[in-house]
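Engineer: Generate coordinates for the sequence data below:
(chains A and B)
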Amino acid sequence: MSEQPSRRQAKKQKKFKPKARTPRGLRDMAGDELRLQNHMIATIAQVYESYGFGELDTSAFEYADALGKFLPDDDRPNEGVFSLEDDDGQWMSLRYDLTAPLARYVAEHYDRLPKPLRRFQFGPVWRNEKPGPGRYRQFMQIDADTVGAANQAADAEICMMAADCMEALGLERGDYVVRINNRKIMDGLLIAIGLDPEAEEYETTRLTILRAMDKFDRLGLDAVKALLGEGRKDESGDFTKGAHLTPAQIDKVAQMVSIEANDRSHALDAMAELVGGTEIGQQGLAELRDMAELFTTLGYGEDRLAIDPSIVRGLGYYTGPVYEIELTFEARDETGELARFGSVGGGGRYDDLVKRFKGIEIPATGISIGVSRLAAALTLLGKAGAAEPADLIVVTVMDKETRPELMALVRDLRQQGLRAELYMGDSAMKAQLRYADARGARFVVIEGEDERAAGEVTIKDLQLGKEKSAEINDNAEWRASEHAQQQVPKGDLASKLIELTS
RNA sequence: GCAGCCUUAGCUCAGUUGGUUAGAGCGCUAGAUUGUGGAUCUAGAGGUCCUCCGUUCAAUCCGGAGAGGCUGUACCA
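Structural biologist: Down below sits the predicted model:
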């Protein structure tokens, strides 16, 4: 280093203040938003519990090999996951969903668990990918799974429970729909159009086709056709390569995604024609028919549970029925933009997941609901009715020597069932009022010299005062006004507050 | 991941043809108006001008690289 540090160096040495900010794609949650999230979790958990599911909590970290990766064509292995190396050299990763930890848990404790196992779990999951508006790298999921049941009653039950959850949260019938498909039908379709499952490039082609079908909802039929053929160029000029199917093959796949989903039996018939006589396709159809029959028997209509051949639901590990919960209403957000919410959760049957650990096939089916997006939707719908906490009472401190007595006063208020706190700062009266206002307090209790001499306290109603102040422009008038307050004998404070609160 | 645009105070933004001490509004903190949230007045705090490297006597400004943000797209277990 030179004798005379440059200005840049001098500047650099001056301060080393860290910048206070949340990491990219992560966020803090407080107040109404947090209360809503807790309320939603409690509501959904109650539905899950009423179906007999029992709660499980697992660690945020899992060994990386236990989480595994499920996309065979993934050209970026191990991306999307937060990982770190433990001091024993083993790699651990933050869970990216709650299903992989469940598979590990089942495999680890298989012998002592009741089968079928019905467990629900909620908690944050982490994904190391590009965040976007309303899309974070940590978010809350709440899952329910049945492990060890191979029949379609287990799948059907989960779909019906998903519908029940939406209504428990206050959504009206028609504001949501659970769309259901079956992986086996799609595999049957691919065989029916002449693809060879033994061919080397089959997996890649299959994924490309499934991805294309998945986009039907968002991009429409023409885009799907382009993606099935040569590929598609989007508005930014970016090119997505296609599946290179023949026009005849494209036509069949297009027919499949275009099937109207309004009527379950018609949808099933139309699907049956397209999968032809393929064994796997027939199997998938039979499974869907079983489910549809249960829906009808139990009175779950087409408006709540629909068969939809364009549902693909991820690509990794699903082996049978797949389903997605979709919000069907539109609403305007703060900026007046039309917001569509689309999928808020989904799931399906994954019969191979535990096999990775145990070597034996253990059938499983389950659902995952994303709490954050649902919360945003409920807020815009005005259905975010999480219970408000009780009215807050802030007791101000006029003379610091009286603090012990005032603490006893707020303790007495609390013992009477009121929500009360003593101002814990050291600032003057005005700041204490501002504090109460910022906290959203309903009442302020003041005991100054005058009151103490009279054995009284002043109760100030901040809500009332705010309404009054709207009509006052002049400062003198403001000062002369009563400030929406009253004086009561100190002994009557609790009962008076209870009276005012109710 | 790819493409385009962007980055100066907590927020919204000025500004410097490269030159001593970088500004406004709002917000925040405190004081005044008898001991009361609004209004008014006064004062104050708050800045690595995104980061690093280079060019220069001198860089917030010019050049290069990188990071972060926004939008679209891809991926989404």
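Engineer: From the centroid of chain A, which residue is nearest?
Structural biologist: Nearest residue to the geometric centre of chain A (C-alpha atoms, centre = their mean): residue A:371, 1.8 Å.
Engineer: what residues are up against that residue?
Structural biologist: Contacts for residue A:371 (C-beta atoms under 8 Å, 6 or more residues apart in numbering) come out as A:37, A:40-41, A:44, A:122, A:139-142. For glycine as for every other residue, the C-beta is placed from the backbone atoms N, C-alpha and C.
Engineer: Among the residues you listed, find me the one that's closest to residue A:441.
Structural biologist: residue A:37 (23.5 Å; C-beta to C-beta).
Engineer: ok, that closest one - how many residues close by?
Structural biologist: Each residue near residue A:37 was counted by other C-beta atoms under 10 Å, and the total is 18.
Engineer: What residues sit buried inside stretch A:378-387?
Structural biologist: Applying a neighbour-count criterion of 16 or more other C-beta atoms under 10 Å, one finds A:378-381, A:384, A:386 buried in stretch A:378-387.
Engineer: Going by distance to RNA strand B, which of the residues you listed wins?
Structural biologist: residue A:380 (16.4 Å; C-beta to the nearest atom of the strand).
Engineer: if we can go back for a sec, okay, and which of the contacts of residue A:371 map to helices?
Structural biologist: A:37, A:40-41, A:44 (DSSP state H).
Engineer: Residue A:130 in helix, strand or coil?
Structural biologist: Classification of residue A:130 using DSSP: H, G, I helix; E, B strand; the rest coil returns coil.
Engineer: For it, grab the count of nearby residues.
Structural biologist: Neighbour number of residue A:130 under other C-beta under 10 Å is 9.
Engineer: Show the contacting residues for the residue in the stretch 51-200 of chain A positioned nearest to RNA strand B.
Structural biologist: The minimum distance from the stretch 51-200 of chain A to RNA strand B, using C-beta to the nearest atom of the strand, falls at residue A:80 (2.4 Å). Going by C-beta under 8 Å, 6+ apart, residue A:80 touches A:96, A:127-129.
Engineer: Give me the below-cutoff pLDDT ranges for the stretch 51-200 of chain A.
Structural biologist: Residues of the stretch 51-200 of chain A meeting the criterion pLDDT under 70: A:69-79.
Engineer: still on that earlier bit, show the overlap between the contacts of residue A:80 and what lies near RNA strand B.
Structural biologist: A:96, A:127-129 (C-beta under 7 Å from any atom of the strand).
Engineer: Mind giving me the ChimeraX command for buried ones among these?
Structural biologist: Buried residues within these, by 16+ other C-beta under 10 Å, are selected in ChimeraX with:
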select /A:96,127
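Engineer: For residue A:99, see how far away residue A:141 is.
Structural biologist: 9 Å (C-beta to C-beta, to the nearest Å).
Engineer: Correction: the previous question concerned residue A:396.
Structural biologist: 52 Å.
Engineer: Name the residues of the helix or strand containing residue A:34 that are buried.
Structural biologist: For residue A:34, the element it lies in under DSSP states H and E is helix A:31-50. By 16+ other C-beta under 10 Å, the buried positions in helix A:31-50 come out as A:33, A:35-37, A:39-41, A:43-45, A:47-48.
Engineer: Chain neighbours aside, what residue packs nearest to residue A:253?
Structural biologist: residue A:228 (5.7 Å; C-beta to C-beta, 6 or more residues apart in numbering).
Engineer: next one: residue A:375
Structural biologist: residue A:36 (5.4 Å).
Engineer: Kindly report the same for residue A:33.
Structural biologist: That would be residue A:375: by C-beta to C-beta, 6+ apart, it lies 7.2 Å from residue A:33.
Engineer: Residues in a beta bridge with the residue of the stretch 51-200 of chain A closest to RNA strand B, which ones?
Structural biologist: residue A:128 (DSSP bridges).
Engineer: In the stretch 401-502 of chain A, where is pLDDT below threshold?
Structural biologist: A:470, A:472-483.
Engineer: burial count for the residue of it with the smallest separation from RNA strand B?
Structural biologist: The minimum distance from the stretch 401-502 of chain A to RNA strand B, using C-beta to the nearest atom of the strand, falls at residue A:465 (1.5 Å). Residues lying near residue A:465 (other C-beta under 10 Å) number 17.
Engineer: Repeat that for residue A:320.
Structural biologist: Neighbour tally, residue A:320, other C-beta under 10 Å: 21.
Engineer: Report the contact partners of the residue nearest to it when sequence neighbours are not counted.
Structural biologist: Spatial nearest neighbour of residue A:320, excluding adjacent residues (C-beta to C-beta, 6+ apart): residue A:349 at 3.6 Å. Applying C-beta under 8 Å, 6+ apart to residue A:349 gives the contacts A:155, A:183, A:318-322, A:363-365.
Engineer: What of residue A:126?
Structural biologist: A:60, A:81-82, A:94-96, A:137-138 are the contacts of residue A:126 under C-beta under 8 Å, 6+ apart.
Engineer: How about it, nearest residue that isn't a chain neighbour?
Structural biologist: With C-beta to C-beta, 6+ apart, the residue lying closest to residue A:126 is residue A:94, at 4.1 Å.
Engineer: unless I'm mixing things up, residue A:321 is touching residue A:154, no?
Structural biologist: No. Counting by C-beta atoms under 8 Å, residue A:321 stays clear of residue A:154, with 9.5 Å between them.
Engineer: which of those two has more neighbours?
Structural biologist: residue A:321 (28 against 22).
Engineer: From residue A:181, how far out is the more buried one?
Structural biologist: Taking C-beta to C-beta, one finds residue A:321 at 7 Å from residue A:181.
Engineer: Find residues that contact each of those two.
Structural biologist: Common neighbours of residue A:321 and residue A:181 (C-beta under 8 Å, 6+ apart) are residue A:288.
Engineer: List the contacts of stretch A:241-255.
Structural biologist: A:189, A:192-195, A:205, A:208-209, A:212-213, A:221, A:224-232, A:274.
Engineer: which of the residues you listed count as buried?
Structural biologist: A:189, A:192-193, A:195, A:205, A:208-209, A:212-213, A:224-229, A:232, A:274.
Engineer: Tell me which residue of the stretch 251-400 of chain A lies closest to RNA strand B.
Structural biologist: For the stretch 251-400 of chain A, C-beta to the nearest atom of the strand, closest residue to RNA strand B: residue A:314, 1.8 Å.
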